[in-house]
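Undergrad: Sequence first, predicted coordinates after that:
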Amino acid sequence: MLKKTSHFMREANLIGGAWVGADSGATIEVVNPATRQVIGTVPKCGRAETRRAIEAAETAFHSWKKTSANERARLLRKLHDAIMDNQEALAELLVMEQGKPLAEARAEVGMSAAYVLWYAEEGRRVYGDIVPSPWADRRILVTKEPVGVIGAITPWNFPSSMLARKLGPALAAGCTAVAKPASQTPYSGLAWGVLAEEAGFPEGVVNIVTGSASEIGDELTENPLVRKITFTGSTEIGKLLMQKAAGTVKKVSMELGGNAPFLVFDDADLDRAVQGAVAAKYRNSGQTCVCTNRFFVQEGIYDRFVEKLVEAMGRLKVGPGLEDGTQQGPLIDDKAVEKVEELIADATAKGGRVVAGGKRHALGGTFFEPTVIADAAPDMRFMQEEIFGPVSPIFRFEHEEEAVRLANDTAFGLACYFYTGDLGRAFRVMEGLKYGLVGVNEGIITTVEAPFGGLKESGLGKEGGHQGIEDYLDTKYVCIGGLGL
Ligand SMILES: NC(=O)c1ccc[n+]([C@@H]2O[C@H](COP(=O)([O-])OP(=O)(O)OC[C@H]3O[C@@H](n4cnc5c(N)ncnc54)[C@H](O)[C@@H]3O)[C@@H](O)[C@H]2O)c1
Ligand SMILES: O=C[C@H](O)CS(=O)(=O)O
């Protein structure tokens, strides 16, 4: 491991400005999914340590909220610069614990820095209102104030940028934070503690705890000092956290699971659609919340699309993320591989045809062959379950209305994509699809300038865009009398 990477690889938690272990001394091993080797350990903290982190964040909040938006922006710009100055080391650390190709890890770290820079500026535009008063002798103000201590819980698939989408707006708004990264990928989260320290954020503003997810989660959701929970992860856990946060009426932001449809109409640019399909499906080996889960291809071009996708996909290089040219890394763990195998077995039992891949890769471990399944049918589990792996089930359809109905036939509503050359169809389909994010003739659409977030059981709230800071603010109405007007 390069020396600079080890600088960020902290085997301790950041609580109130101190790097500490678990009270019990217990630790969790962190495994490199490509080599299955233990790369290190992190503290196995629980409620007591989390409570101390919350109290440190509450203490820090009382001074942090009084800093000017300009001062917070200055520190956030320094944080942005620290991330970019260390992009390679942070990317290598991310690959070691998550497995994605180095090029994707670099992009994720770059996206993390971009969120920080975006909110450095958005924090300076948190405007209030002066409302024309209905009373001649009173004045009405509406102000925005930081909600206070926030609890942030993030997933393993984007261990850096998912935290950036929370810490960026939270710190810009004047909030303080207690963050819990996923146990599979803790180092990219803990690195935010190192970066925040080096950027000059006051002690207690950023706290990072690792360990028992349920214990840390229970303290974050039940402690009344925490005024907001922001979660990115599965819908199942999101529902649990919402229920627990209700006990103290906390604000919640939920970035949850997806089941993205990808529609290709007869009038689409087929080569563009295939290029978009590979990008929207195979990023992070299919382990993203916005990855295509179901392809719907119109009858007239179905066979050509399948043929071209198989050909394009066959060119993907599978290997360890740090190896030059790797485009498909390993899946996160054995459980992920078993889930993918179950879904393929279900599909083939229901008439699906494996036309590419379909089994564990010759590299062994959790590497899996990029897979395409033709003749997918609506009774297959893909329709309702997130694959979270490199598998493309391809359904066929005849009419536009049928495609939109099938695309919407899921509890999820995060991302969707469709390819057409017809402008009228583009508006009909865009307006008919019940999803928070829509890619029209594009397969990769996430950007800091745009609000990211799902509908239905894919979540609540938005991250990115000008909308993303609103969830970290309380609106206060002030009526001022006695002015002798
Ligand atoms: N919508 C989005 O922006 C987005 C982004 C990335 C991932 N995701 C979703 O996340 C899922 C994959 O990530 P994952 O496997 O880490 O999800 P997960 O829900 O299993 O875990 C997410 C986080 O929650 C923690 N957690 C687990 N059980 C908990 C509990 N009882 N109390 C408190 N915290 C708990 C985990 O330790 C982790 O930090 C997929 O469903 C994917 O679609 C959504
Ligand atoms: O996995 C979900 C991420 O939000 C994907 S993206 O990098 O934001 O597109």
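TA: Alright, I've got the coordinates. Ligands and ions are numbered 1, 2, ... in the order given.
Undergrad: Check the stretch 1-150 of the chain for the residue nearest ligand 2 and tell me.
TA: Met111 (6.5 Å; Cβ to the nearest ligand atom). Every C-beta, even on glycine, is put in place using the N, C-alpha and C of the backbone.
Undergrad: ok, which stretches of the stretch 351-485 of the chain are helices?
TA: Taking DSSP state H, counting those that start in this stretch to define them, one finds helices in the stretch 351-485 of the chain at 400-408, 423-432.
Undergrad: hmm, I was thinking of the stretch 201-350 of the chain
TA: Assignment of helices within the stretch 201-350 of the chain using DSSP H, counting those that start in this stretch yields the ranges 213-222, 235-245, 270-282, 302-313, 334-349.
Undergrad: In a markdown table, list those helices along with distance to Gly481 and mean pLDDT.
TA: Listed next are the helices of the stretch 201-350 of the chain as a markdown table, based on distance: least, Cβ to Cβ, whole Å; pLDDT from 0 to 100:
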| stretch | distance to Gly481 | mean pLDDT |
| --- | --- | --- |
| helix 213-222 | 40 | 98 |
| helix 235-245 | 37 | 98 |
| helix 270-282 | 57 | 98 |
| helix 302-313 | 68 | 97 |
| helix 334-349 | 62 | 98 |
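Undergrad: Quick one: closest of those helices to ligand 2.
TA: Comparing the helices of the stretch 201-350 of the chain by Cβ to the nearest ligand atom, helix 270-282 comes nearest, at 9.7 Å.
Undergrad: With mean neighbour count and distance to ligand 1 as added columns, please give the helices of the stretch 201-350 of the chain in JSON lines.
TA: JSON lines is the format used below for the helices of the stretch 201-350 of the chain (neighbours: other Cβ atoms under 10 Å; distance: least, Cβ to the nearest ligand atom, whole Å):
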{"stretch": "helix 213-222", "mean neighbour count": "20", "distance to ligand 1": "2"}
{"stretch": "helix 235-245", "mean neighbour count": "17", "distance to ligand 1": "4"}
{"stretch": "helix 270-282", "mean neighbour count": "20", "distance to ligand 1": "14"}
{"stretch": "helix 302-313", "mean neighbour count": "18", "distance to ligand 1": "22"}
{"stretch": "helix 334-349", "mean neighbour count": "17", "distance to ligand 1": "9"}
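Undergrad: so which of those helices comes closest to Ala179?
TA: Between Ala179 and those, the shortest gap by Cβ to Cβ is with helix 213-222, which sits at 9.6 Å.
Undergrad: quick check: angle from the closest one to helix 235-245?
TA: 40 degrees (axes from the mean of the first three to the mean of the last three Cα atoms, to 10 degrees).
Undergrad: returning to that earlier point: tally of neighbours for the residue of the stretch 1-150 of the chain closest to ligand 2?
TA: Met111 has 19 neighbours, counted by other Cβ atoms under 10 Å.
Undergrad: Grab the nearest non-local neighbour of it.
TA: Nearest residue to Met111, sequence neighbours excluded (Cβ to Cβ, 6 or more residues apart in numbering): Ser161, at 4.6 Å.
Undergrad: contacting residues around Trp64?
TA: Applying Cβ atoms under 8 Å, 6 or more residues apart in numbering, we find Trp64 in contact with 174-176, 202, 205.
Undergrad: Burial check on Cys479, number of neighbours?
TA: Cys479, neighbours per other Cβ under 10 Å, totals 11.
Undergrad: I meant to write Asn223 there.
TA: Asn223 has 21 neighbours, counted by other Cβ under 10 Å.
Undergrad: Check Phe427 too.
TA: Phe427, neighbours per other Cβ under 10 Å, totals 11.
Undergrad: re earlier: can you redo the helices of the stretch 201-350 of the chain as CSV with distance to His399?
TA: CSV is the format used below for the helices of the stretch 201-350 of the chain (distance: least, Cβ to Cβ, whole Å):
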stretch, distance to His399
helix 213-222, 45
helix 235-245, 30
helix 270-282, 18
helix 302-313, 14
helix 334-349, 24
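Undergrad: Any idea which of these gets closest to Leu117?
TA: Relative to Leu117, the nearest member of these by Cβ to Cβ is helix 270-282, separated by 24.5 Å.
Undergrad: Run the chain-centre distance for the closest one.
TA: With Cα atoms, centre = their mean, to the nearest Å as the basis, helix 270-282 stands 21 Å off its chain's centre.
Undergrad: The helix or strand hosting Val95 - what's its average pLDDT?
TA: Assigned by DSSP states H and E, Val95 belongs to helix 87-98. Averaged across helix 87-98, the pLDDT comes to 98.
Undergrad: Mind giving me the packing neighbours of the longest helix seen in the chain?
TA: Counting residues, the longest helix found in the chain (DSSP state H) is helix 102-122. Judged by 3 or more Cβ pairs under 8 Å, 6 or more residues apart in numbering; DSSP states H and E, helix 102-122 is in contact with helix 69-85, helix 87-98, helix 161-173.
Undergrad: Only the buried residues of the first one, if you could.
TA: Buried positions in helix 69-85, judged by neighbour count with 16 or more other Cβ atoms under 10 Å: 69, 72-73, 75-76, 78-84.
Undergrad: quick revisit: so which of the helices of the stretch 351-485 of the chain is the most packed in?
TA: Mean neighbours per residue, mean count of other Cβ atoms under 10 Å, is largest over the helices of the stretch 351-485 of the chain for helix 400-408, with a mean of 18.
Undergrad: Report the inter-axis angle for that helix versus helix 423-432.
TA: Using the same axes, to 10 degrees, helix 400-408 lies at 30 degrees relative to helix 423-432.
Undergrad: Using CSV, write out every CA atom in helix 400-408.
TA: Output of helix 400-408 as CSV, limited to C-alpha atoms (Å, rounded to 0.1, in the frame of the first residue of the first chain):
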residue,chain,number,x,y,z
GLU,A,400,-45.4,2.4,-25.9
GLU,A,401,-48.2,2.3,-23.3
GLU,A,402,-47.3,-1.3,-22.5
ALA,A,403,-43.6,-0.4,-22.0
VAL,A,404,-44.5,2.5,-19.6
ARG,A,405,-46.9,0.3,-17.7
LEU,A,406,-44.3,-2.5,-17.2
ALA,A,407,-41.6,0.1,-16.3
ASN,A,408,-43.8,1.5,-13.6
